[in-house]
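Asks: Sequence and predicted structure below; questions after.
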Amino acid sequence: MQLPPSSPSLATPSKWQPSNLPVRQIPGSYGWPIVGPLSDRLDYFWFQKPESFFRKRMEKYKSTVFRTNIPPTFPFFSNVNPNVVAVLDCKSFSYLFDMDLVEKKNVLVGDFMPSVAYTGNMRVGVYQDTSEPQHSKVKKFCIDILRRSSSIWVPELVSNLDIMWDGIEESLSKSTSSSASYIFPLQRFLFTFLCKTLLGADPSREPKIAESGYAMLDRWLALQLLPTVSIGFLQPLEEIFLHSFAYPFFLVSGGYNSIYEFVKKEGKQVIYRAEAEFGLSQEEAVHNLLFVLGFNAFGGFSILFPSLIETIASNETGLQERLRKEASEKGGSQLSFESVKEMELIQSVVYETLRLNPPVPLQYARARKDFRLSSHDSAFDIKKGELLCGYQTLVMRDPNVFDDPEAFEPARFTEEKGARLLDYLYWSNGPQTGTPSEFNKQCAGKDFVTLTASLVVAYLFRRYNSIKGNSSSITALEKA
Ligand code: HEM
């Protein structure tokens, strides 16, 4: 009899009762050396794209658990093993959170790991497993930064949103095409807001950083992740030039070093605490801070906010009116973490956006030992060292858990039934009901992310009656 995955620090969905499922051999194969991985790579990036890559194989093998290859691979990634076991339903995916069964050493983006040159020649916290003492120090440090920044978080958010939306209104009023792109204003806003809250540093003290800090982070992020992401560039050029080899760090070292110096100089107090209270060296503190700021926070929000704005700004079913009503009637006169907790629909819309479009769709973990893993209908034997790969976009559309899983249901997560579904909202590498800690690998910013996104929606509907636009531009704004 197979017991459900357990983790002392993450809520285990109560639904996974001990089961007596038939043991099945894991379907799928890795194919011939070079040819198998290469053909899967072309399907993944070119012929099918990630979502249908996983969907087609799931249908072919009639299983949510199967073997496949994940890029990068041939020709210049000879040290990367592309073989994975895909886990695509809520039950099998939740084994990725069980730190007794799996380890998370160096598997942030799969077996491929960007050069440590991108992170100051050290393995920063996200690449460390919970068994490594350094992980505990960095995770506690990060949780502490967030806790301390919470007193200035909302006022900084609101004042920087004011600047961003004043600018968008101005561009829209001057635009001849009745459209204003918000991507750069959003990234400027995020950069300033996150430097102030996480580092206690004001970018305006360094004009070069204030002007182009966000673009430096974009380049640094893009270069290290290019071998693993599809960017929709002309094929086969994308395969030949962007997915065949890893780009060297020196191409972005100038920008990285400038931000490094800025963090070191302007974030002195936070760095002092990292050394005095968490036992990190100055170098470790600065590179980890830069990573959390630039990769986790800036990178994550840069993906989440356009998808949230698009979800709302392109909706024509009366949702905006309901959001406006809730934002204006609930939560008192000033926005705060507490006030937004009263806005049930707004929070649910944020959760539903994260369910359908998880910003970090792929999660990996390596089996620490042999164990038996279950999907809803079968059990499978996993061998020590095998790499599990979960694709959240399909996992969070699991029809065994979510009714009408492909549909956007704004109120899905409201009321008692909706609250129970939070056990299966996995965008943060753990259930939304879990608690990030040094014992797990759940996103340290989990609650800040959902509350901040909810605050942004509440802010927008206190400022505007309606918004029209998409994932990059605003086309109409009607003031409240
Ligand atoms: C929309 C925004 C964000 C998204 C989508 C996101 C998502 C994630 C995910 C999926 C992971 C797990 C990666 C893995 O190990 O497979 C993670 C880890 C992490 N996130 Fe976030 N994150 C976001 C924002 C933030 C923010 C604002 C912070 C802190 C300021 C943060 C700090 C971290 C840290 C420190 C880890 C590593 C946890 C560990 O090593 O135990 N994230 N995040």
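Replies: Great, that's in hand.

Asks: residues in contact with whichever residue of the stretch 151-300 of the chain sits closest to the ligand?
Replies: With Cβ to the nearest ligand atom, the shortest gap between the stretch 151-300 of the chain and the ligand falls at Gly300, namely 2.4 Å. Where C-beta positions appear, they are placed from N, C-alpha and C, glycine not excepted. Applying Cβ atoms under 8 Å, 6 or more residues apart in numbering, we find Gly300 in contact with Pro359, Val360, Cys443, Gly445, Val449.

Asks: check those against the ligand, which are close?
Replies: When contact is defined as Cβ under 6 Å from any ligand atom, these meet the ligand at Pro359, Val360, Cys443, Gly445, Val449.

Asks: so the fourth one touches Leu146, yeah?
Replies: What that stands for is Gly445. Yes. With contact taken as Cβ atoms under 8 Å, Gly445 and Leu146 are classed as touching, separated by 6.3 Å.

Asks: Point out the other helices and strands that the lengthiest helix in the chain packs with.
Replies: Longest among the helix segments of the chain by residue count, using DSSP state H, is helix 133-174. Packing contacts for helix 133-174, counted by 3 or more Cβ pairs under 8 Å, 6 or more residues apart in numbering; DSSP states H and E, involve strand 180-181, helix 183-194, helix 268-278, helix 282-291, helix 337-341, helix 446-463, strand 473-479.

Asks: can you pull the pLDDT of Leu242?
Replies: With respect to pLDDT, Leu242 scores 88.

Asks: Which residues are in contact with it?
Replies: With contact taken as Cβ under 8 Å, 6+ apart, Leu242 is in contact with Leu226, Pro227, Ile231, Phe233.

Asks: Same check on Gln347?
Replies: Residues near Gln347 by Cβ under 8 Å, 6+ apart: Val340, Lys341, Phe413, Thr450, Ser454.

Asks: nearest to Val252, of the ones next to the ligand among the contacts of Gly300?
Replies: Val360 (21.0 Å; Cβ to Cβ).

Asks: what's the distance between the closest one and Pro185?
Replies: 23 Å (Cβ to Cβ, to the nearest Å).

Asks: Could I get the buried residue list for stretch 124-143?
Replies: 124-130, 132, 134-143 (16 or more other Cβ atoms under 10 Å).

Asks: can you tell me which of the residues you listed are up against the ligand?
Replies: Filtering the buried residues of stretch 124-143 for neighbours of the ligand using Cβ under 6 Å from any ligand atom leaves Gly125, Val126, His135, Lys139, Cys142.

Asks: how about JSON lines for those residues, with pLDDT added?
Replies: Compiled in JSON lines, these are given as follows (pLDDT from 0 to 100):
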{"residue": "Gly125", "pLDDT": "98"}
{"residue": "Val126", "pLDDT": "98"}
{"residue": "His135", "pLDDT": "98"}
{"residue": "Lys139", "pLDDT": "98"}
{"residue": "Cys142", "pLDDT": "98"}
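
Asks: Reformat those residues as JSON lines; add distance to Ala480.
Replies: Formatted as JSON lines, those follow (distance: Cβ to Cβ, whole Å):
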{"residue": "Gly125", "distance to Ala480": "42"}
{"residue": "Val126", "distance to Ala480": "40"}
{"residue": "His135", "distance to Ala480": "46"}
{"residue": "Lys139", "distance to Ala480": "41"}
{"residue": "Cys142", "distance to Ala480": "36"}
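
Asks: what secondary structure does the residue nearest to Ser348 when sequence neighbours are not counted sit in?
Replies: Of all residues not flanking Ser348 in the chain, Phe413 sits nearest, at 4.0 Å (Cβ to Cβ, 6 or more residues apart in numbering). Phe413 carries the three-state label coil when classified by DSSP: H, G, I helix; E, B strand; the rest coil.

Asks: neighbours of Phe413, just the number please.
Replies: Phe413 has 24 neighbours, counted by other Cβ atoms under 10 Å.

Asks: tell me the SS of Asn465?
Replies: Using three-state DSSP, the structure places Asn465 in strand.

Asks: per-residue confidence at Trp153?
Replies: The model reports Trp153 with a pLDDT of 98.

Asks: Just give the nearest non-adjacent residue to it, would you?
Replies: Of all residues not flanking Trp153 in the chain, Thr197 sits nearest, at 5.4 Å (Cβ to Cβ, 6+ apart).

Asks: thought that neighbour was touching Ser151?
Replies: No. Applying Cβ under 8 Å, one finds Thr197 not in contact with Ser151, separated by 9.7 Å.

Asks: Residues of the chain that sit close to the ligand?
Replies: 104, 108, 125-126, 135, 139, 142, 146, 198, 292, 296-297, 300-301, 304, 359-360, 363, 427-429, 441, 443-445, 448-449.

Asks: In helices, which of these fall?
Replies: His135, Lys139, Cys142, Leu146, Gly300, Phe301, Leu304, Phe448, Val449.

Asks: which residues touch the last one?
Replies: I take that to be Val449. Contacts of Val449 (Cβ under 8 Å, 6+ apart): Gly300, Phe301, Leu304, Ser428, Cys443.

Asks: Give me the nearest residue to Arg355, chain neighbours excluded.
Replies: Nearest non-adjacent residue to Arg355 (Cβ to Cβ, 6+ apart): Met396, at 4.5 Å.

Asks: Look up how far Cys389 lies from that neighbour.
Replies: In terms of Cβ to Cβ, Met396 sits 15 Å off from Cys389.

Asks: cool, Asn465 as well?
Replies: 44 Å.

Asks: Neighbour count for these two, which is higher?
Replies: Ranked by neighbour count (other Cβ under 10 Å), Asn465 and Cys389 place Cys389 first, with 23 against 13.
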